[in-house]
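> Quick one, fold the following:
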Amino acid sequence: MSKDGWPEPLDLATIRDASIAELSHKSDVAQFRPLAAPGAPSGAVLDSFPDFLGARALRELAGCIAASHRAGRHVVAAMGGHVVKVGCGPILVDLMERGIVTALSVNGAFVIHDYEIALAGRTSEDVGPALRGVGFGWARETADAYAEACRRGAEEGIGLGRALADAAEPLPYAEHSVLAACARLSVPITVHVGMGTDTVHMHGSAVGADIGEASHIDFRIAARIATELEGGVWINIGSSVVMPEVFLKLVSIASNLGRPLDDVVAANLDMQSHYRTSANVIGRPVSRGIEVIGHHEINLPLLRLAVLEALAEGGQ
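All right, here's what the predicted structure looks like:
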């Protein structure tokens, strides 16, 4: 300390340095990858991604999905509405057609957007201008179809997802619809509604008892799937609150029934990391969690290709 109380500079010459060869490093040229040429096949493009962070996580998840598929285990996609809005529905349809994705659990926004895609080939209003006109969320056809699906799902005991899937299958743009594909392929889809979160709840056609009963049937169907998730993969895509909370409850049900999910791989694909996805999906419930952060319209096509490449390498 100098006489005026100010610290004196430390003499750095007294510190021992080391050779770079003695130190550990996180980045090594062995992890670099050769560049893909223009027009290269998908495998070469994927191989060109350096073996770090998101690229490594994407490959790891693809390998887990391929392994679960080979073993005949569940691969469940749990999704929010943004997945449909950015055109990723056909990716899910393809993975369902190949038998890779075996079940879906979604929030209420997902089925609204997907049903509108099946009906009109368009969805997702521009909320700002809509609020200054008639108002946001007043599409009659969507609300009426949703109310009828809730009524049928409750009365017939089939749940909301199956009723909406049946309603979407004959529509003009059904080829682009996840719901319609679920009906065609008999892939279960469960809808987990947060009352008041969806536009269809504003309409006079909405019946709360039907919505609640139909969605609760779906919750119980999802619980059945969760008890069979051993050795499988649960992928949360674009839902930061509802589906992570649903997953936590499903894990608790399975555990209570003596079917812990320690060997389940849980993944989160979203544009940013959130508390509930970190804690309730890839954290507390499972021993192996994978997170891939980025835009759905980029990462989901890449994940599909990576899964298909992993299956091809394994001879399937």
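> C-alpha only now, for contacts and for neighbours.
Fine.
> which residues are contacting stretch 77-94?
Outside stretch 77-94, the residues that touch it by C-alpha atoms under 8 Å, 6 or more residues apart in numbering are 101, 103-114, 123-124, 176-178, 181, 234-239, 243, 296-297, 300-301, 304.
> Over to stretch 39-49?
Contact with stretch 39-49 is made by 32-36, 55, 302, 305-306, 309, as judged by C-alpha under 8 Å, 6+ apart.
> which one among the residues you listed gets closest to Ile65?
Distances from Ile65 to these, taken as C-alpha to C-alpha, are shortest for Ala306 (9.8 Å).
> For that closest one, what is the enclosing helix or strand?
Secondary structure assigned from DSSP states H and E places Ala306 in helix 296-313.
> And that helix, what's buried?
296-297, 299-300, 302-311 (16 or more other C-alpha atoms under 10 Å).
> Quick one: the contacts of stretch 39-49 as CSV, columns for pLDDT too.
Formatted as CSV, those follow (pLDDT from 0 to 100):
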residue, pLDDT
Phe32, 86
Arg33, 84
Pro34, 86
Leu35, 88
Ala36, 86
Ala55, 93
Leu302, 96
Leu305, 96
Ala306, 96
Glu309, 95
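> now these in TSV, with distance to Leu261?
Compiled in TSV, those are given as follows (distance: C-alpha to C-alpha, whole Å):
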residue	distance to Leu261
Phe32	35
Arg33	35
Pro34	39
Leu35	39
Ala36	39
Ala55	26
Leu302	27
Leu305	27
Ala306	25
Glu309	27
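> ok, His25 - contacts?
With C-alpha under 8 Å, 6+ apart, His25 has no contacts at all.
> Could you grab the helix/strand/coil label for it?
Here His25 is recorded as coil under DSSP: H, G, I helix; E, B strand; the rest coil.
> Pretty sure Ala66 sits against Ala310.
Yes. Using C-alpha atoms under 8 Å, Ala66 is in contact with Ala310, at 6.2 Å.
> how long is stretch 256-273 from one end to the other?
Terminal residues of stretch 256-273 are spaced 29 Å apart (C-alpha to C-alpha, to the nearest Å).
> Report the buried residues of it.
Buried, per 16+ other C-alpha under 10 Å, within stretch 256-273: 259-262, 264-270.
> Now intersect those with the strands, please.
Of the buried residues of stretch 256-273, the ones assigned to strands by DSSP state E are 265-270.
> can you tell me which of these lies nearest to Ser252?
Ser252 lies nearest to Ala266 out of those, by C-alpha to C-alpha, at 14.8 Å.
> what about Glu97, how many neighbours?
Using other C-alpha atoms under 10 Å, Glu97 has 16 other residues around it.
> With adjacent residues omitted, what lies nearest to it?
Leu185 (7.1 Å; C-alpha to C-alpha, 6 or more residues apart in numbering).
> for Val246, same thing?
Per C-alpha to C-alpha, 6+ apart, closest to Val246 is His192, 7.8 Å.
> any idea how far that neighbour is from Asp28?
His192 sits 45 Å away from Asp28, going by C-alpha to C-alpha.
> go on, Asp94?
37 Å.
> More neighbours: which of those two?
Higher neighbour count among Asp94 and Asp28: Asp94, with 15 against 8, using other C-alpha under 10 Å.
> What is the neighbour count of Arg276?
Arg276 has 18 neighbours, counted by other C-alpha under 10 Å.
> if I read this right, it contacts Pro244, doesn't it?
Yes. Using C-alpha under 8 Å, Arg276 is in contact with Pro244, at 6.0 Å.
> any residues in contact with both of the two?
The overlap between the contact sets of Arg276 and Pro244 (C-alpha under 8 Å, 6+ apart) is empty.
> ok, back up a step: what subset of the contacts of stretch 77-94 is buried?
101, 103-114, 123-124, 176-178, 181, 234-239, 243, 296-297, 300, 304.
> Which ones among those residues map onto strands?
In strands, judged by DSSP E, the following of the buried ones among the contacts of stretch 77-94 are found: 103-107, 234-237.
> Taking these, tell me the two that lie furthest apart.
Spanning the widest gap among these are Asn107 and Trp234, at 15.1 Å by C-alpha to C-alpha.
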